[in-house]
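K.L.:
Coordinates for the following, if possible.
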Amino acid sequence: MSIQKQNKPRLSPAQVTDISGRVFGLTLSSSRPLPSYDDQNFHVVSVDGREFVLKIMNSADSQNLELLQLQTDCMNFLQQNGLPAQSAVQTVGGDMMSLEELDCGFGVQKYLVRLLTYLPGTPIAKITCTHQLLYQTGRMAATVDQVLLGMEHRNLRVLHRENYIWSLSSIPLLDQYLHVMDGEPIQPIVRGAIDQYRVQVEPKLSSFRKCLNHGDLNDQNILVEPDGPSHHRISGILDFGDMSSGCLIFELAIVMMYMMLESASPLAVGGAVLAGWESALPLNADERDALYTLVMGRFCQSLVLARHTVALQPENEEYLMISARNGMPILRQLWEKGKQEVQRIWFEDAARISTLTAALMLARGERTQPNTAPISA
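P.N.:
Here you go, the predicted model:
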């Protein structure tokens, strides 16, 4: 997390209107800001009623055009394969993005701008998740990685983001930021979780199956819509800015961690997500053994890096600390119960939910076996 405060764009309403028209040929009837971590996003509506997301990357990430182009191509690839991902809208010149020189109060800098399709729905954080929806979420996460395994692209190498701080392979790099936790009771737990990662996960990294990770399937980046009187379906997958080469088990750990955040019974969440994931991609023995430690690692990343970023962006504290505040008591609970007990709960719950789901699917005549083809979310 090397983002500096002056790198985050601060476009004015007039600049949003100008870019929308000059770069994308849109005449706007309205625009409103959307929450963001270190970029800037706007929901824009054209005079003919079409809705889009105008995304302005921070000036640091805007320098890596190959990476941003690849992320855009990955979104389009998923959308073309039936997953509810955004796709990029072409500029008036026929490109998928534009590098703009803008002054947002820090002098003229270059910011990469994209216009993305607007996906309807409510962030999954804002609803009460049933086991059915958690199962669907785990299956969707597996499907994203599964579909991306089939993507061919000349620049896939740029996703080998060495020492990328949000990758679950970079948990030991949190050491350099731990000073932001000085004096907090949770700091020893964070240190212990990092040490546990070094001992239990690092030696086994080579045995984990490799893939391209979305990397940030959090409870704000998954949208849902009502599907009948008491169910929801996934309607959107957002924000591919943390994509990197990684491991299948990383994606599962990330989505499990974030689905726990909004639950009154966080330990009960893991089994349903795990069952959904394994309905598409069963884990191998080393992946199963590492799951608890990787989930703990993601909680630590969320907490430590949020604290660090708040020091750089104090005006954005409310948004930056959403996951960290909710995650602290869960991190403590997981640590106190320990790996053996937590994983016992997760895998026993997953087995029970898988059996129930298989029975329901069999009754409906649906496929019940793990599928290696693209799976509809």
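K.L.:
Low-confidence ranges, the protein, go.
P.N.:
Along the chain, the parts satisfying pLDDT under 70 run over 1-6, 319-320, 361-377.
K.L.:
what helices or strands is the lengthiest helix in it leaning on?
P.N.:
Determined from DSSP state H, the single longest helix within the chain is helix 285-312. Here helix 285-312 is seen to pack against helix 187-200, helix 248-260, helix 317-320, helix 322-337, helix 339-364 when contacts are counted using 3 or more CB pairs under 8 Å, 6 or more residues apart in numbering; DSSP states H and E. Glycine gets a C-beta too; all of them are placed from N, C-alpha and C.
K.L.:
Now it: buried residues?
P.N.:
Using 16 or more other CB atoms under 10 Å as the burial criterion, the residues of helix 285-312 that qualify are 286-310, 312.
K.L.:
go on, stretch 312-328?
P.N.:
By neighbour count on 16+ other CB under 10 Å, the buried set for stretch 312-328 is 312-313, 316, 320-324, 326-328.
K.L.:
again, but for stretch 336-346
P.N.:
For stretch 336-346, the neighbour count (16+ other CB under 10 Å) marks 339, 342-343, 346 as buried.
K.L.:
phi, psi of the nearest residue to residue 239 once chain neighbours are set aside?
P.N.:
Spatial nearest neighbour of residue 239, chain neighbours left out: residue 221 (4.7 Å); criterion: CB to CB, 6 or more residues apart in numbering. In terms of degrees, to the nearest 10, the main-chain angles of residue 221 are phi -100, psi 0.
K.L.:
Give me the neighbour count for residue 221.
P.N.:
Neighbours of residue 221 under the rule other CB atoms under 10 Å: 20.
K.L.:
Which residues lie in contact with it in this structure?
P.N.:
123, 237-239 (CB atoms under 8 Å, 6 or more residues apart in numbering).
K.L.:
same question, residue 113
P.N.:
Neighbours of residue 113 in contact, by CB under 8 Å, 6+ apart: 19, 23, 54-57, 97-100.
K.L.:
do that again at 7 Å, thanks
P.N.:
By CB atoms under 7 Å, 6 or more residues apart in numbering, the contact set of residue 113 is 19, 23, 56, 97-98, 100.
K.L.:
could you redo those as TSV and give each row neighbour count, distance to residue 354 and secondary structure?
P.N.:
As requested, the contacts of residue 113 are exported to TSV (neighbours: other CB atoms under 10 Å; distance: CB to CB, whole Å; DSSP: H, G, I helix; E, B strand; the rest coil):
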residue	neighbour count	distance to residue 354	secondary structure
19	22	48	helix
23	19	48	helix
56	25	43	strand
97	21	42	coil
98	17	47	strand
100	19	49	strand
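K.L.:
Now the residues you listed in CSV, please, with extra columns for distance to residue 181.
P.N.:
As requested, the contacts of residue 113 are exported to CSV (distance: CB to CB, whole Å):
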residue, distance to residue 181
19, 39
23, 42
56, 31
97, 37
98, 40
100, 37
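K.L.:
Just name the closest of the buried residues of stretch 336-346 to residue 142, please.
P.N.:
For the buried residues of stretch 336-346, the residue nearest residue 142 by CB to CB is residue 346; the value is 15.6 Å.
K.L.:
and the gap between that closest one and residue 284?
P.N.:
Distance, residue 346 to residue 284, using CB to CB, to the nearest Å: 16 Å.
K.L.:
on that earlier part again, hey, which of the helices and strands packed on helix 285-312 is tucked in deepest?
P.N.:
helix 248-260 (a mean of 27; mean count of other CB atoms under 10 Å).
K.L.:
Follow the chain on from that one and name the next helix or strand.
P.N.:
Following helix 248-260 in sequence order, the next helix or strand is helix 267-278 (DSSP states H and E).
K.L.:
In that next one, which of the residues would be classed as buried?
P.N.:
Under 16+ other CB under 10 Å, the buried positions of helix 267-278 are 267, 269-278.
K.L.:
Return the closest of those residues with respect to residue 216.
P.N.:
Checking these against residue 216 with CB to CB, the nearest one is residue 273 at 15.6 Å.
K.L.:
Quick check: closest non-adjacent residue to that closest one.
P.N.:
Nearest residue to residue 273, sequence neighbours excluded (CB to CB, 6+ apart): residue 138, at 3.8 Å.
K.L.:
close enough to count as contact, that neighbour and residue 276?
P.N.:
Yes. Judged on CB atoms under 7 Å, residue 138 makes contact with residue 276 at a distance of 2.8 Å.
K.L.:
Can you name the residues in contact with the helix or strand that residue 136 is a member of?
P.N.:
Residue 136 belongs to helix 131-148 when assigned by DSSP H and E. Helix 131-148 has contacts (CB under 7 Å, 6+ apart) with 74, 78, 81, 83, 211-214, 217, 222, 224, 231-232, 234, 237, 248, 251-252, 255, 259, 269, 272-277, 279-281, 353, 357, 374-375, 377.
K.L.:
Tell me the spacing between the residue nearest to residue 273 and residue 111.
P.N.:
Distance from residue 138 to residue 111, by CB to CB: 35 Å.
K.L.:
What about residue 76, how many residues nearby?
P.N.:
Using other CB under 10 Å, residue 76 is surrounded by 15 other residues.
K.L.:
which ones are touching it?
P.N.:
87-88.
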